[in-house]
Each structure stands twice: as structure tokens, then as C-alpha cells.
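>>> take a look and give me a structure for this.
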Amino acid sequence: MSVSQAEQQILNSVPGLSIGSSVGRYGGAGLDLLTVENPAGHAVIALQGAHVVSFVPAAAKDVLWISPNAVFAPGEAIRGGIPLCLPWFGAKPQEPDAPKHGFARNEVWTLIEASVEADTTRVVLELRDNAVSHALWDHAFVYRLAVTVGKTLHLDLQIQHLGTTPQLHSVALHTYFDVGDVTQAVITGLDGTTYIDTTQDSKPRFAQTGAVQLSGPTDRVYLNVPQYQDIKTPDRTLKIDSQDTHCAVVWNAWHNADKIADIGPGNYVGYLCVERADAWEYSPTLQPGETYRASMTLSVA
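Okay, here's the model as predicted:
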């Protein structure tokens with residue numbers, strides 16, 4: 001475990017915070033995990049990627065899905081939870097060999113703040129540009145993710161572009177929801193929107209009519225979506241609220257997951273990704289000094 005003196009002071013000053021290793025809980029070579037616990041809820045965040053891997057409201061089960069084959073090792077993206085995809089989503093434009101979904105999810109973030117108010121705990125993690133990021137993205141920046149844990153889980157991501165020229169970004173809060181059986185999960189809140197079917201080479205666009213229920217491999221980018229979506233399963237409803245992002249990515253690899261080592265045969269059944277994002281034509285171009293924000297709240301009904 002590698003915690004700075006400043007981080008240790010924060011841990012000592014706020015009840016319900018601790019940092020330990022993923023070894024024993026998730027296996028792998030081991031990553032530092034920040035546990036946030038209070039009477040209303042419990043969350044676990046990997047410092048690598050500021051990656052929320054678990055959120056459990058009091059007297060409930062985990063909202064998030066982690067693959068049984070997920071790899072918890074330095075430099076490896078974690079399959080499941082809420083990866084942060086930035087400063088690009090998917091492949092990097094004009095550089096297909098660059099890491100998919102950006103570098104932020106593979107970098108170690110720093111705990112810079114924590115506080116408690118009533119039954120909620122707020123922690124803030126930060127990533128600044130460095131030698132590793134400059135090799136992939138030659139721009140100065142400050143990324144901050146505030147995570148508020150209670151009865152609900154609230155994420156507030158801020159990107160401050162400190163480069164000298166305007167720069168295109170794309171961002172996703174790549175949430176894997178634990179739905180038990182994806183074939184029985186129904187997404188509402190996307191009726192009437194347009195989606196891009198990225199499983200087809202031509203990337204055609206279609207109008208969504210009614211609720212969304214998956215029956216095979218799916219990778220769709222819904223555009224200009226409403227603030228709210230619900231995922232209804234036989235035993236609960238998972239609720240998504242994001243007023244300042246414009247897209248929702250719906251993804252499940254289905255049987256294609258047999259070829260994805262960190263998902264594995266049959267494990268696609270347990271998850272459904274509904275990711276709030278700003279991508280495609282909604283990707284923001286930030287001016288020098290400009291700050292972009294993406295927030296999301298998850299709850300259970």
C-alpha cells in the first residue's frame with residue numbers, strides 16, 4: 001500500500017475511510033482500494049483510475065457488477081464498476097494503437113479531500129498531467145472526481161484543460177450495473193431518441209421506440225437523451241440521473257464475451273452497461289483554461 005502523508009492525514013481525520021489492498025478480496029497483483037462507509041451506504045474505490053468498484057446502499061445489494069475474471073493489477077483496466085473513460089472514449093482519433101478509452105483509468109489518482117455531512121461521505125480524487133500522460137496526450141490538465149456516498153451514489157467529474165490550444169475531449173462514466181439476468185432487464189427513458197449502432201461498420205442511426213430490452217450483442221450510443229433513465233429488473237429498479245451529459249451508451253458483449261478474457265464465457269448475463277457520456281458530436285472542445293463537468297447520481301427503488 002502506497003499512501004502519502006497527506007492522504008494518511010485525510011484518512012485519519014474522517015471516520016469510515018480506509019485504504020487496503022485488493023488482494024484477498026478481488027485477487028490479482030493488488031491495487032490500493034479506498035473504502036468509504038457510513039450508516040447509509042458503502043463504496044469501494046480503486047485509486048487506480050478513481051474507479052468505483054462497489055456501491056452498496058444500506059440493507060441492499062451491490063448496484064455495480066464486477067466481472068469474476070476482472071484483473072486487479074497495476075496498469076490493467078478493471079472490468080466492471082464505473083471506469084472513467086477520458087480524455088477520449090473508444091479509440092483515440094487518428095491513433096488506433098493508443099489505449100482504448102483513454103489513459104485516466106490506468107493512472108493512480110490522489111486522495112485530496114474528504115468530509116462527512118449527516119449520512120453522506122464525500123471524497124475527492126485528483127489526477128494531474130505527468131510524464132506518462134504526456135506520452136499519450138501532450139496537454140496540461142487537472143482531473144478531479146468527487147464521489148459522494150450515502151443512500152445514493154453521486155459522481156462529479158471535472159476536467160480542467162490547461163493546455164495552450166483548444167482540444168477535443170470525449171468522456172464516459174462507463175457504468176456496469178448488476179442486473180442479475182440481462183435478458184430480463186428493461187431500460188426506460190430513451191424512447192424517442194436516436195441511437196448509433198456501432199456494431200455495424202457503417203454506424204447507422206435509428207430511432208428508438210419504447211423501452212430497450214437486449215436480446216443479443218449491443219453497442220449503441222443514444223444521443224441527446226433525457227436526464228433520467230431507469231433499469232427495471234425483477235427485484236429492483238436502478239435509477240440514473242445525469243443532467244449535464246448528453247449521451248447514453250448501452251452495451252453488453254453477449255456471447256462475444258467468450259473471447260474477452262476478463263469477462264469470460266457465460267458471464268455476460270450478469271451485467272448491463274448504461275453509460276452517461278459526452279461523445280460523438282457531443283464531444284466537447286475545451287478552450288485553454290476551460291473546465292468541463294459531468295455528473296451522475298445512482299439510486300435504487
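
>>> got any ranges where this structure has weak pLDDT?
Scanning the chain with the threshold set as pLDDT under 70 gives 1.

>>> quick check, central residue of it?
Most central in the chain under C-alpha atoms, centre = their mean is residue 82, positioned 2.8 Å from the mean C-alpha point.

>>> in what helix or strand does the closest residue to that residue other than its chain neighbours lie?
Nearest residue to residue 82 in three dimensions, chain neighbours excluded: residue 52, at 4.3 Å (C-beta to C-beta, 6 or more residues apart in numbering). Where you see a C-beta, it was placed from the backbone N, CA and C, and this is true even at glycine. Assessed by DSSP states H and E, residue 52 sits inside strand 51-57.

>>> one more: residue 8?
Per DSSP H and E: helix 5-13 holds residue 8.

>>> next secondary structure element downstream of that helix?
Next in line after helix 5-13, if elements are assigned by DSSP H and E, sits strand 17-21.

>>> show me where the stretch 1-150 of the chain has strands.
Listed in chain order, the strands of the stretch 1-150 of the chain (DSSP state E, counting those that start in this stretch) span 17-21, 32-38, 41-46, 51-57, 84-85, 110-117, 120-128, 141-149.

>>> before we move on, the earlier item: quick one: the residue nearest to the centre of the chain from residue 238, how far?
Distance of residue 82 to residue 238, computed by C-beta to C-beta, to the nearest Å: 13 Å.

>>> wait, the residue nearest to the centre of the chain sits on residue 147?
No: between residue 82 and residue 147 there is no contact under C-beta atoms under 8 Å: 9.3 Å.

>>> who does the nearest residue to residue 13 once chain neighbours are set aside bridge with?
Among residues not flanking residue 13 along the chain, residue 114 sits closest, at 7.4 Å (C-beta to C-beta, 6+ apart). Residue 114 has these beta-bridge partners by DSSP bridges: residue 123.

>>> residue contacts, residue 190?
By C-beta atoms under 8 Å, 6 or more residues apart in numbering, the contact set of residue 190 is 208, 211-212, 222, 225-226, 229, 248, 250.

>>> ok, back up a step: by how many degrees do the helix holding residue 8 and strand 32-38 diverge?
30 degrees (axes from the mean of the first three to the mean of the last three C-alpha atoms, to 10 degrees).

>>> show me which residues of helix 5-13 are buried.
7, 10-11 (16 or more other C-beta atoms under 10 Å).

>>> do the same with stretch 90-102
Those would be 90, 92, 98-99, 101-102, for stretch 90-102 by 16+ other C-beta under 10 Å.

>>> could I get these in JSON lines, plus columns for distance to residue 264?
Converted to JSON lines, the buried residues of stretch 90-102 look like this (distance: C-beta to C-beta, whole Å):
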{"residue": "90", "distance to residue 264": "23"}
{"residue": "92", "distance to residue 264": "27"}
{"residue": "98", "distance to residue 264": "26"}
{"residue": "99", "distance to residue 264": "22"}
{"residue": "101", "distance to residue 264": "20"}
{"residue": "102", "distance to residue 264": "25"}
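
>>> so which residues of the stretch 101-250 of the chain form helices?
131-136 (DSSP state H, counting those that start in this stretch).

>>> out of the buried residues of stretch 90-102, who's nearest residue 136?
For the buried residues of stretch 90-102, the residue nearest residue 136 by C-beta to C-beta is residue 98; the value is 5.9 Å.

>>> got a list of what the closest residue to the closest one other than its chain neighbours touches?
Nearest residue to residue 98 in three dimensions, chain neighbours excluded: residue 92, at 3.9 Å (C-beta to C-beta, 6+ apart). With contacts defined as C-beta under 8 Å, 6+ apart, the neighbours of residue 92 are 98-99, 102, 136.

>>> hang on, the earlier thing: and the strand holding residue 52, what does it pack onto?
Counting contacts by 3 or more C-beta pairs under 8 Å, 6 or more residues apart in numbering; DSSP states H and E, strand 51-57 packs against strand 41-46, strand 153-161, strand 291-300.

>>> between those, which one is nearest to residue 72?
By C-beta to C-beta (comparing all of the helices and strands packed on strand 51-57), the closest turns out to be strand 41-46, at 7.4 Å.

>>> CA atoms only: put the closest one into CSV for me.
Extracted C-alpha coordinates of strand 41-46, given in CSV (Å, rounded to 0.1, in the frame of the first residue of the first chain):
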residue,chain,number,x,y,z
GLY,A,41,-24.1,3.2,2.3
HIS,A,42,-20.8,1.7,1.5
ALA,A,43,-18.5,2.1,-1.5
VAL,A,44,-15.1,0.9,-2.7
ILE,A,45,-12.9,3.0,-5.0
ALA,A,46,-9.7,1.8,-6.6
